[in-house]
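1. Structure of the sequence below:
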Amino acid sequence: MMRSHLWSYDSTKLAWLQAGLAPSGGNAGCSVAELLPGGFDAYVRIFHQFEAPDGSGLTQSWWSRAADSGESFHAELTHYSLLDAPKPVWLARTGEPDDRTRRALVRVLTATTGDEPVFFAYDLEALLNGEEQPLIRTAPLPELETLRKMVEEEHTAMDGPEFWWPHDRSWVVTSDHDLTSTYVGCSQETAERILSDDEIEALSVTPHTRVV
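-> Alright, predicted model coming up:
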C-alpha cells in the first residue's frame, strides 16, 4: 500500500482521518489500523469478487475460490494463496469494489445515513493524476455512481473514491489502490447489516488484522 504522499492533509477534509491512522509497519504487510482510524465499534473486510478475464462476465466468490484451492476462508486470506486453484484463471479487482458489491454497500449504508451528505475523497489517485491536493466531493450517498462518472470524465478516469464517510463520521469506507478488498469502520449494528447482506461477501476484522 503506497502511503508516501507529496502533500499535507492539513486544512483538508481528510485531516481527521489521516491523523487517526496508525504509523506504517513497513514492508512486511500492514494492518487495518493503517487504513482506517481507530475508535469504531466494528471493522469489516469486504472482498472484491473474482471475475473471468475473458469478458464472459462470469464471477466467483472468495469463499468458493478458497474451497477450490483447499484454503480456509478467513479474515487475512490473500489472493496469493489462491494462485494454485483450478483453472480458469480468475482476477480480483484492485483499488475499488466491483459494481455489484459497491451498489450493495451503498444500499446498506444509506439505511444508516439516509440523505446526510457524504464526503468522497480521491487521495493517491488524485496524486497520480497530477492534482495538487486530494480531490474531495460531497453528495448524498445514493448519488455515488453519478459522482464517480463525473470525476472520471473530469479527471481522466480515476478509480475510486478511496475514502467515503458521512458528516457525522459514524462510518468510514476505504479502498486502497492496490488491495483486492475494501475495509469499513462502523458501528456494530452497521457491521451486522453488511455481514448479513447476500450481495456482499464480508468478514469481521479488527484493527490488528493483517492486510496483505
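2. Would you map out the domains in this structure?
-> 15-19+29-48+95-211, 50-92 (automatic domain parsing).
3. Format those as CSV; extra columns: mean neighbour count and distance to S8.
-> In this view, the C-beta of every residue, glycine as well, is placed from N, C-alpha and C. Shown next, in CSV, are the domains of the chain (neighbours: other C-beta atoms under 10 Å; distance: least, C-beta to C-beta, whole Å):
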stretch, mean neighbour count, distance to S8
domain 15-19+29-48+95-211, 18, 9
domain 50-92, 14, 32
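4. Mean pLDDT lowest where, among these?
-> The weakest mean pLDDT among the domains of the chain belongs to domain 50-92, with a mean of 81.
5. pretty sure W165 belongs to a helix, no?
-> No. Going by DSSP: H, G, I helix; E, B strand; the rest coil, the assignment for W165 is strand, not a helix.
6. That one contacts G20, doesn't it?
-> No. At 11.1 Å, W165 does not count as touching G20 under the criterion of C-beta atoms under 8 Å.
7. quick revisit: with distance to Y9 added, can I get the domains of the chain in a markdown table?
-> Listed next are those as a markdown table, based on distance: least, C-beta to C-beta, whole Å:
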| stretch | distance to Y9 |
| --- | --- |
| domain 15-19+29-48+95-211 | 4 |
| domain 50-92 | 28 |
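8. name the helices or strands packed onto the helix or strand hosting A139?
-> For A139, the element it lies in under DSSP states H and E is strand 135-140. Contact here means 3 or more C-beta pairs under 8 Å, 6 or more residues apart in numbering; DSSP states H and E; on that basis strand 135-140 packs against strand 117-122, helix 144-154.
9. Just give me the longest helix of this structure.
-> In the chain, assigned by DSSP state H, the helix with the most residues is helix 99-113.
10. mind saving the C-alpha coords of it as CSV?
-> Provided in CSV are the C-alpha atoms of helix 99-113 (Å, rounded to 0.1, in the frame of the first residue of the first chain):
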residue,chain,number,x,y,z
ASP,A,99,-20.1,-2.7,-9.2
ARG,A,100,-22.4,-5.2,-7.5
THR,A,101,-20.6,-5.0,-4.2
ARG,A,102,-20.3,-1.2,-4.3
ARG,A,103,-24.0,-0.7,-5.0
ALA,A,104,-25.0,-3.2,-2.3
LEU,A,105,-22.7,-1.3,0.2
VAL,A,106,-24.3,2.0,-0.8
ARG,A,107,-27.7,0.5,-0.1
VAL,A,108,-26.7,-0.8,3.3
LEU,A,109,-25.0,2.4,4.4
THR,A,110,-27.9,4.5,3.2
ALA,A,111,-30.1,2.7,5.7
THR,A,112,-27.8,4.2,8.4
THR,A,113,-27.1,7.6,6.9
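11. returning to that earlier point: how about the helices and strands packed on strand 135-140 in JSON lines, adding distance to L77?
-> Shown next, in JSON lines, are the helices and strands packed on strand 135-140 (distance: least, C-beta to C-beta, whole Å):
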{"stretch": "strand 117-122", "distance to L77": "27"}
{"stretch": "helix 144-154", "distance to L77": "27"}
